[in-house]
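Student: Return atomic coordinates for the entry below.
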Amino acid sequence: MTNSVVILSVPYTEMVPSVAPALLSACLNKEGIETVGIDFSVEFSYEFHKKPYWNNLKLFLSLGTVNNDFNYFRPLVDILKFIKKKLLEIKQKHNPTLIGLSIFTTESVNFSYFLIPYIRKYLPNTKIMLGGRALESTCRVENKLHYQKYYDHGLADVIIIGDAEVQIIDAIKSNAVGIIFAKQQTQEDLDHIPSPDWSGYNFNLYNELHDIEIAADHTRKFLNPRAMVITASKGCVRNCNFCDVKEYWPNYVFRRGENVAHDIIKTYYETGTTEFEFVDNLINGSVPNYRKMNLVLAEHIPKKIRYRGFAIFRDRRSMPETDFEIAAQAGCFQWSVGVESGSESVRKSMRKNFSDDDLDYGVNQLYKNGIIQTWLLMVGYPSETETDFEATMNLLSRYKAMNNNNMIQLHVTLPFQLNEMAPLLKDEEYTNHYSWDEQQKNTSYFRYFWTTIKNPENTFEARYNRYKKLIQLAQDLKYTFLWNVDFQKHFGELEDLKKIYDQNKKKVIYITNNK
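Tutor: As a prediction, this is how the structure comes out:
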């Protein structure tokens, strides 16, 4: 092999295995380029999650600001010591000629400003390559895209924009420099991507961080993050206006269903792995390919493996009952579905494109076939009223009878945050309908503390109160959360955010509806 490459995930990301370093290292190793992928983010989280300032530190890294009571000198010193220690370990063990940094979300940008100068200092002869979707967002300080800012300031030698699985190979072999724009992957590209290489990951860290304590033993094993990751598609068939997927993958591309099934079967027989997790935006975007995959799995290894992934509710004509039955035979264990809201009008505003009837049909079919369903829920979408919020509360009450043996799990995100890459802030028709608070729009608080002229009652304070109310109801009804959540710490993070809001009320959002 030639070269020595290390690919790192940049903190802060959620404490689940970061796929990019493992997948890209597999692609490079396949081509004879010696590479190891390291989830630097989980190592950082493991090091700092017990610190008394952890909640404020996460807010500082993701938002770039803290409440006035937070003394960030000690945390920053600790971060720099941690970075130095880890980089010296990497130098001694791998002595890389190139370090690739996966900046997955905008919440990783601030940490990169600490990390990159230290790479320059302690590994001065190592080239720096950047990738990740956060690079395509805008730096509000310089009013330019992040990838341009990184390059202009010499923070990277080469930057890949877009899907990197193919482009990174050419970039390293040709010793490329500059900004490279990768083409969207084709079905043929997807069919040739290798399985991720997890050899550089310490999975014990995830187990300790999540401290999974699921009452039913059969779910404990599946939730172990050692599951083999599978990619069957890129993109999405929906166009939800709070989601930025279309910005990155305009077209939905699905591998041939039989190819996906044969990869799983091959891995099962060669490694004994029985746990699989799809990292697709959705697994049933192409129903014919999803159906074909399940048919092949059900024929060759019926109920020998278990898999889970993100999916969408469809009407009974698109996905008849037999599709759910075959999926269960194939080993489908869990669907994660973007339910988002119990209000059909809110989902229509989101462009989710499924009705209450579709929801009821999907919920019942999954339950009937023993497939766990995780509902992704959000609070405070821009059009949400108190009546809409009550519909989400009623959703939990309506299906509480199915909430047994952990068959329905919840994942409730923090009060709705704006994503600048999403159509919500770019669609002219939509922004005319919801005129954003221009006084707030160019501040660092806008992501959290926005309001709209159209629905001025939906303030951050209202969203904050709705969120706490929904979590309390879910707990009262004995719903299981996707991960075992320490709500004392979780609400501590929310309280810190609320403190920032209260300290800056004069800068934030008192708008009357003049239209």
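
Student: contacts, neighbours, all on C-alpha from now
Tutor: Noted.

Student: which stretches of the stretch 351-500 of the chain have low pLDDT?
Tutor: 421, 428-431, 437-444, 483-490 (pLDDT under 70).

Student: no, scratch that, I was asking about the chain
Tutor: Confidence mapping of the chain against pLDDT under 70 gives the ranges 1-3, 15-16, 64-68, 207, 210-226, 421, 428-431, 437-444, 483-490, 505-515.

Student: Could you list the domains of it?
Tutor: As recorded under automatic domain parsing, the domains making up the chain are 2-191, 211-416+481-486.

Student: could you dump the ones you listed to TSV with mean neighbour count and distance to His433?
Tutor: Putting the domains of the chain into TSV (neighbours: other CA atoms under 10 Å; distance: least, CA to CA, whole Å) gives the following:
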stretch	mean neighbour count	distance to His433
domain 2-191	18	23
domain 211-416+481-486	19	10
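
Student: Adding distance to Asn432, write those domains out as CSV.
Tutor: CSV is the format used below for these (distance: least, CA to CA, whole Å):
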stretch, distance to Asn432
domain 2-191, 21
domain 211-416+481-486, 13
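
Student: what's the closest of the ones you listed to Asn458?
Tutor: Minimum separation from Asn458 across the domains of the chain (CA to CA) falls at domain 211-416+481-486, 6.7 Å.

Student: what about that closest one, distance to the chain center?
Tutor: In this view, domain 211-416+481-486 has its centroid 14 Å away from the chain centroid, taken as CA atoms, centre = their mean, to the nearest Å.

Student: what does stretch 143-160 give?
Tutor: How far stretch 143-160 lies from its chain's middle: 23 Å, per CA atoms, centre = their mean.

Student: Stretch 83-96 now?
Tutor: 28 Å.

Student: re earlier: nearest to Ala422, out of the domains of the chain?
Tutor: domain 211-416+481-486 (4.3 Å).

Student: Surely Glu107 forms part of a strand?
Tutor: No: per DSSP: H, G, I helix; E, B strand; the rest coil, Glu107 lies outside any strand segment and is helix.

Student: list the contacts for the closest residue to Asp244 other than its chain neighbours?
Tutor: Nearest non-adjacent residue to Asp244, counting by CA to CA, 6 or more residues apart in numbering: Ala422, 4.3 Å away. With contacts defined as CA atoms under 8 Å, 6 or more residues apart in numbering, Ala422 is in contact with Asn241, Phe242, Cys243, Asp244, Val245, Glu247.

Student: Tell me the secondary structure of Leu295, please.
Tutor: helix.

Student: Could you list the buried residues of the host helix or strand of Leu473?
Tutor: In this assignment (DSSP states H and E), Leu473 forms part of helix 460-476. Residues of helix 460-476 classed as buried under the neighbour-count rule (16 or more other CA atoms under 10 Å) are Phe460, Arg463, Tyr464, Arg466, Tyr467, Lys468, Leu470, Ile471, Ala474.

Student: Show me what it packs onto, helices and strands only.
Tutor: For helix 460-476, the packing partners by 3 or more CA pairs under 8 Å, 6 or more residues apart in numbering; DSSP states H and E come out as helix 386-398, helix 487-503.

Student: quick one: it to helix 386-398, angle?
Tutor: On the basis of axes from the mean of the first three to the mean of the last three CA atoms, to 10 degrees, helix 460-476 is oriented at 10 degrees to helix 386-398.

Student: Quick check: neighbours of the helix or strand following helix 460-476 in the sheet, parallel or antiparallel?
Tutor: Tracing the chain past helix 460-476, the next element assigned as helix or strand by DSSP H and E is strand 480-481. Strand pairing for strand 480-481, using DSSP bridges, gives strand 408-412 (parallel).

Student: that older thread, using TSV, lay out the buried residues of helix 460-476 together with distance to Leu80.
Tutor: TSV is the format used below for the buried residues of helix 460-476 (distance: CA to CA, whole Å):
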residue	distance to Leu80
Phe460	33
Arg463	35
Tyr464	33
Arg466	38
Tyr467	35
Lys468	35
Leu470	38
Ile471	36
Ala474	40
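
Student: Out of these, which is nearest to Asn406?
Tutor: Asn406 has its nearest neighbour among these in Ala474, at 12.8 Å by CA to CA.

Student: Excluding covalently adjacent residues, which one is nearest to the closest one?
Tutor: Of all residues not flanking Ala474 in the chain, Leu396 sits nearest, at 7.0 Å (CA to CA, 6+ apart).

Student: so who does Ser137 touch?
Tutor: Counting by CA under 8 Å, 6+ apart, Ser137 touches Thr106, Leu145, His146, Glu420, Met421.

Student: Take these and lay them out in TSV including distance to Cys139 and secondary structure.
Tutor: Compiled in TSV, the contacts of Ser137 are given as follows (distance: CA to CA, whole Å; DSSP: H, G, I helix; E, B strand; the rest coil):
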residue	distance to Cys139	secondary structure
Thr106	10	helix
Leu145	6	strand
His146	5	helix
Glu420	11	coil
Met421	12	coil
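
Student: hang on, the earlier thing: Leu497 is nearest to which of the domains of the chain?
Tutor: Closest among these, once you apply CA to CA, is domain 2-191, at 7.5 Å.

Student: In TSV: the contacts of Ala422, plus secondary structure and distance to Val141.
Tutor: Formatted as TSV, those follow (DSSP: H, G, I helix; E, B strand; the rest coil; distance: CA to CA, whole Å):
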residue	secondary structure	distance to Val141
Asn241	coil	25
Phe242	coil	23
Cys243	coil	24
Asp244	coil	22
Val245	helix	25
Glu247	helix	22
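
Student: Confirm that Asp189 sits in a helix.
Tutor: Yes: looking at Asp189 with three-state DSSP, it is inside a helix.

Student: Dump stretch 175-192 to CSV, keeping only the CA atoms.
Tutor: Output of stretch 175-192 as CSV, limited to C-alpha atoms (Å, rounded to 0.1, in the frame of the first residue of the first chain):
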residue,chain,number,x,y,z
ASN,A,175,-2.0,14.9,-5.1
ALA,A,176,-4.7,17.5,-5.8
VAL,A,177,-5.0,20.9,-4.1
GLY,A,178,-7.8,23.4,-4.1
ILE,A,179,-11.5,23.1,-4.1
ILE,A,180,-13.0,20.1,-5.8
PHE,A,181,-16.7,19.7,-6.7
ALA,A,182,-17.7,16.1,-6.9
LYS,A,183,-20.5,14.9,-9.1
GLN,A,184,-23.6,13.3,-7.6
GLN,A,185,-23.2,9.6,-7.3
THR,A,186,-24.9,7.3,-9.8
GLN,A,187,-26.5,3.9,-9.2
GLU,A,188,-23.4,2.3,-10.6
ASP,A,189,-21.3,4.2,-8.1
LEU,A,190,-23.5,3.0,-5.2
ASP,A,191,-23.3,-0.6,-6.4
HIS,A,192,-19.4,-0.5,-6.1
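
Student: I appreciate the help and will end here.
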